[in-house]
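Colleague: Dropping the sequence and predicted coords here.
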Amino acid sequence: MDLARTEVADPRRRGAAVRLGLIAVPVAFFAVFFAYPVTAIVARGLKVDGAWQFGRLWDVLGESDIRHVLWFTTWQALASTALTLLIALPGAYVFARLDFPGKQVLRAVVTVPFVLPTVVVGTAFLALVGRGGLLDELWGVRLDTTVWAILLAHVFFNYAVVVRTVGGLWAQLDPRQEEAARMLGASRFHAWRTVTLPALAPAVAAAALMVFLFTFTSFGVVQILGGPTFSTLEVEIYRQTSEIFDLSTAAVLTIIQFLAVAAILAVHAWTVRRRESALRLVDASVTARRPRGAGQWALLAGVLAVIVVLLLLPLAVLVQRSLDAPDFGYYRALTSADGGVFLVAPIEAIGNSLRYAVVATLIAVLIGALAAAALTRRDAGRFVRGFDALLMLPLGVSAVTVGFGFLIALDEPPLDLRSTWILVPLAQALVGVPFVVRTMLPVLRAVDQRLREAASVLGASPWRVWREVDLPMVRRALLIAAGFAFAVSLGEFGATVFIARPDNPTLPVAVARLLGRAGELNYGQAMALSTVLMVVCAVALLVLERLRTDRTGEF
């Protein structure tokens with residue numbers, strides 16, 4: 001009897017040891033490079049002579065300017081979310097239910113804005129709606145420093161979130177259910193409202209929450225297009241930290257944003273679980289058909305027009321503005337340093353960004369793969385499942401706070417990293433890890449657990465099980481995860497703007513600094529650098545789209 005109990009207990013202990021081993025590195029990484037810097041800067045702002053001053057919370061919230069920032073942050077996020085859903089839901093239907101030539105290429109093109117740095121998004125819309133922009137030249141209309149420029153830029157950035165999230169599920173819904181309702185006498189709209197819409201509701205809610213999260217924490221877009229008139233929480237944290245040097249106010253705003261983001265992520269996790277457990281899905285490849293009837297053709301034409309005007313036109317204007325100078329003058333100017341904005345030639349930012357992004361990708365893939373492997377284990381406890389939600393926090397917590405926290409916290413041995421190059425990739429990897437986990441987790445969960453168990457019974461070690469069972473099946477997902485991590489690392493701005501050294505600027509930082517100086521040459525160089533960054537991100541995404549075999553899901 002004792003021998004039997006020991007034989008049963010040994011696999012459990014071994015499984016627990018493997019689970020703890022997998023999760024230990026990601027936990028340590030997030031504790032040191034996320035929780036510690038954020039806690040350090042909050043403590044620096046709210047501690048006086050070693051005592052916490054929580055009364056500062058009410059003092060800050062009592063300021064009318066801060067209340068206005070909170071109101072505008074929430075209002076513009078709600079308005080951006082509603083406008084994005086209104087414009088993107090028809091696109092989700094078209095990509096889910098209609099089959100037409102060039103669909104996969106267009107799908108990749110639609111996703112390009114999402115992986116672009118927000119600085120580039122702001123720059124593209126500045127070239128379209130700002131002073132001397134296309135609208136200004138044609139009709140004398142300027143929308144920069146207006147809320148409409150911010151809202152449209154947010155739709156541009158988040159269009160793919162709705163198309164991928166809602167369209168991915170819509171493509172897997174069995175159309176015969178809606179057809180059955182119509183055969184029983186229901187109108188097309190009534191059948192859609194009573195059959196399809198309830199099934200789509202969790203996906204729509206998940207997409208809306210993600211759009212709200214990204215717009216609630218918007219920084220680069222508002223910084224460039226909002227001017228001094230509009231400020232979100234993220235922009236205000238940056239202003240209080242770097243311009244006014246009021247760390248206590250910045251700490252309070254960080255706490256508020258953290259609580260709001262945690263609530264959003266909790267609701268998002270609930271909607272995702274509901275979507276996964278409540279629906280019976282079919283193969284997406286059998287649900288798309290060629291457009292039939294004038295209505296579907298008109299809808300397809302309308303969606304294509306929206307994509308051209310809202311998504312492609314700003315990027316085209318960005319490229320055109322970068323070519324305004326004869327003989328590629330703005331691009332050639334990138335090769336010389338004037339000593340005003342940078343200590344080196346702006347073109348060196350390209351090499352810096354690529355090197356940083358490669359290192360950040362390696363870190364993100366290592367941490368994300370270990371976390372995803374731990375989360376797929378059926379014996380995962382509550383701590384491991386809770387860590388899944390924590391992995392998403394870097395997407396919503398103030399990147400400005402993280403960047404400044406790096407400078408505050410990582411300044412003493414053995415973590416005195418302020419003068420080292422590794423600081424930038426570490427900050428970028430924090431943003432890349434959630435994309436790695438979200439990309440690999442569904443694939444790892446799809447691997448038949450019995451294959452792993454059979455390999456273990458035959459004497460394979462956990463490492464050999466991973467190498468010979470999991471890795472061959474998830475190799476493609478691993479490449480896709482690395483591609484997304486590379487793209488988002490390349491465009492990270494909020495934290496990098498604090499920690500990138502003047503002699504080693506990244507592309508987004510270089511663009512922002514050029515836009516911050518007056519002069520046609522600086523503006524043109526910003527457009528040229530933004531175009532380079534856009535092309536690199538677009539190429540990476542097109543490669544990813546060719547690698548993808550599963551055309552459903554979010555990203």
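Modeller: Everything's here; your move.
Colleague: so what pLDDT did residue 426 get?
Modeller: On pLDDT, residue 426 comes in at 91.
Colleague: who's in contact with the residue lying closest to it once chain neighbours are set aside?
Modeller: Using Cβ to Cβ, 6 or more residues apart in numbering and skipping residues adjacent in sequence, the residue nearest residue 426 is residue 33, 5.4 Å away. Where C-beta positions appear, they are placed from N, C-alpha and C, glycine not excepted. Contacts for residue 33 (Cβ atoms under 8 Å, 6 or more residues apart in numbering) come out as 406, 426-427, 430.
Colleague: Among those residues, which one lies nearest to residue 229?
Modeller: residue 427 (29.2 Å; Cβ to Cβ).
Colleague: Next one: that closest one from residue 303, what distance?
Modeller: Distance from residue 427 to residue 303, counting by Cβ to Cβ, to the nearest Å: 37 Å.
Colleague: Would you mind listing where the stretch 351-500 of the chain has pLDDT under the threshold?
Modeller: Residues of the stretch 351-500 of the chain meeting the criterion pLDDT under 70: 377-386, 388-389, 396, 442-443, 445-453, 455-457, 460, 462-463, 466-473.
Colleague: Now for residue 301: which residues touch it?
Modeller: For residue 301, the contact set (Cβ under 8 Å, 6+ apart) is empty.
Colleague: Could you check how far it is from residue 100?
Modeller: Distance, residue 301 to residue 100, by Cβ to Cβ: 11 Å.
Colleague: again with residue 92
Modeller: Taking Cβ to Cβ, one finds residue 92 at 15 Å from residue 100.
Colleague: what do you get for residue 516?
Modeller: 43 Å.
Colleague: returning to that earlier point: would CSV of the contacts of residue 33 with distance to residue 73 and neighbour count be doable?
Modeller: CSV is the format used below for these (distance: Cβ to Cβ, whole Å; neighbours: other Cβ atoms under 10 Å):
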residue, distance to residue 73, neighbour count
406, 24, 26
426, 28, 24
427, 23, 28
430, 22, 28
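Colleague: which of these lies closest to residue 63?
Modeller: When the contacts of residue 33 are ranked by distance to residue 63 (Cβ to Cβ), residue 406 comes first, at 27.7 Å.
Colleague: Am I right that the closest one is in contact with residue 423?
Modeller: Yes - using Cβ atoms under 8 Å, residue 406 is in contact with residue 423, at 5.9 Å.
Colleague: what residues are up against residue 395?
Modeller: 213-214, 217, 431, 434.
Colleague: any chance you could map the helices in the stretch 201-350 of the chain?
Modeller: Assigned by DSSP state H, counting those that start in this stretch, the stretch 201-350 of the chain shows helices spanning 220-225, 233-242, 247-278, 293-306, 313-322, 329-333, 348-376.
Colleague: still on that earlier bit, can you list residues touching both of residue 406 and residue 423?
Modeller: 417, 499.
Colleague: how many neighbours does the residue nearest to residue 169 when sequence neighbours are not counted have?
Modeller: Nearest residue to residue 169, sequence neighbours excluded (Cβ to Cβ, 6+ apart): residue 203, at 4.2 Å. Look at residue 203: counted by other Cβ atoms under 10 Å, it has 25 neighbours.
Colleague: Same question for residue 65.
Modeller: Residues near residue 65, counting by other Cβ under 10 Å, number 11.
Colleague: does it belong to a helix or a strand, and which?
Modeller: Element membership for residue 65 (DSSP states H and E) is helix 64-97.
Colleague: tell me the average confidence for that helix?
Modeller: Mean per-residue pLDDT for helix 64-97: 91.
Colleague: continuing past that helix, what's the next helix or strand?
Modeller: Downstream of helix 64-97, the first helix or strand assigned by DSSP H and E is helix 103-115.
Colleague: from the contacts of residue 395, which is closest to residue 58?
Modeller: residue 217 (23.5 Å).
Colleague: May I have the phi/psi pair for that closest one?
Modeller: The phi and psi torsions at residue 217 (degrees, to the nearest 10) take the values phi -100, psi 20.
Colleague: residues contacting it?
Modeller: 232-234, 257, 261, 395-398.
Colleague: With distance to residue 109 as added columns, please give those in CSV.
Modeller: Converted to CSV, the contacts of residue 217 look like this (distance: Cβ to Cβ, whole Å):
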residue, distance to residue 109
232, 28
233, 32
234, 28
257, 32
261, 30
395, 23
396, 27
397, 31
398, 31
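Colleague: Tell me the pLDDT of residue 108.
Modeller: Looking at residue 108, its pLDDT stands at 77.
Colleague: Against residue 118, how distant is it?
Modeller: Taking Cβ to Cβ, one finds residue 108 at 20 Å from residue 118.
Colleague: between these two, who's got more neighbours?
Modeller: The neighbour comparison of residue 108 against residue 118 (other Cβ under 10 Å) goes to residue 118, with 23 against 18.
Colleague: ok, the closest residue to that one other than its chain neighbours - how many residues close by?
Modeller: Spatial nearest neighbour of residue 118, excluding adjacent residues (Cβ to Cβ, 6+ apart): residue 220 at 3.0 Å. Neighbour count of residue 220, defined by other Cβ under 10 Å: 27.
Colleague: What is the neighbour count of residue 296?
Modeller: Neighbours of residue 296 using other Cβ under 10 Å come to 16.
Colleague: Actually, residue 405.
Modeller: 28.
Colleague: dump the residue contacts of it.
Modeller: Going by Cβ under 8 Å, 6+ apart, residue 405 touches 36-41.
Colleague: Please report which of those residues has the highest neighbour count.
Modeller: residue 41 (27 neighbours).
Colleague: Not counting the helix or strand hosting it itself, show me its contacts.
Modeller: Secondary-structure assignment from DSSP H and E places residue 41 in helix 36-46. For helix 36-46, contacts defined as Cβ under 8 Å, 6+ apart pick out 52-54, 56, 247-252, 254-255, 258, 397, 401-402, 404-406, 408-410.
Colleague: These, buried ones only, as a PyMOL selection?
Modeller: Burial among the contacts of helix 36-46 is assessed by 16 or more other Cβ atoms under 10 Å; the matching PyMOL selection reads:
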select buried, resi 56+247+248+249+250+251+252+254+255+258+397+401+402+404+405+406+408+409+410
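Colleague: where does the stretch 101-250 of the chain dip in pLDDT?
Modeller: Within the stretch 101-250 of the chain, the stretches with pLDDT under 70 are 178-179, 181, 186-190, 192.
Colleague: hang on, the earlier thing: ok, the residue nearest to residue 118 to residue 515 distance?
Modeller: From residue 220 to residue 515 the distance is 10 Å (Cβ to Cβ).
Colleague: cool, and residue 302?
Modeller: 34 Å.
Colleague: Which one's more surrounded, those two?
Modeller: residue 515 (21 against 13).
Colleague: didn't the more buried one look like it was pressed against residue 523?
Modeller: Yes - at 7.0 Å, residue 515 counts as touching residue 523 under the criterion of Cβ under 8 Å.
Colleague: got the contact list for residue 126?
Modeller: Neighbouring residues of residue 126 by Cβ under 8 Å, 6+ apart: 133, 144, 224-225, 515.
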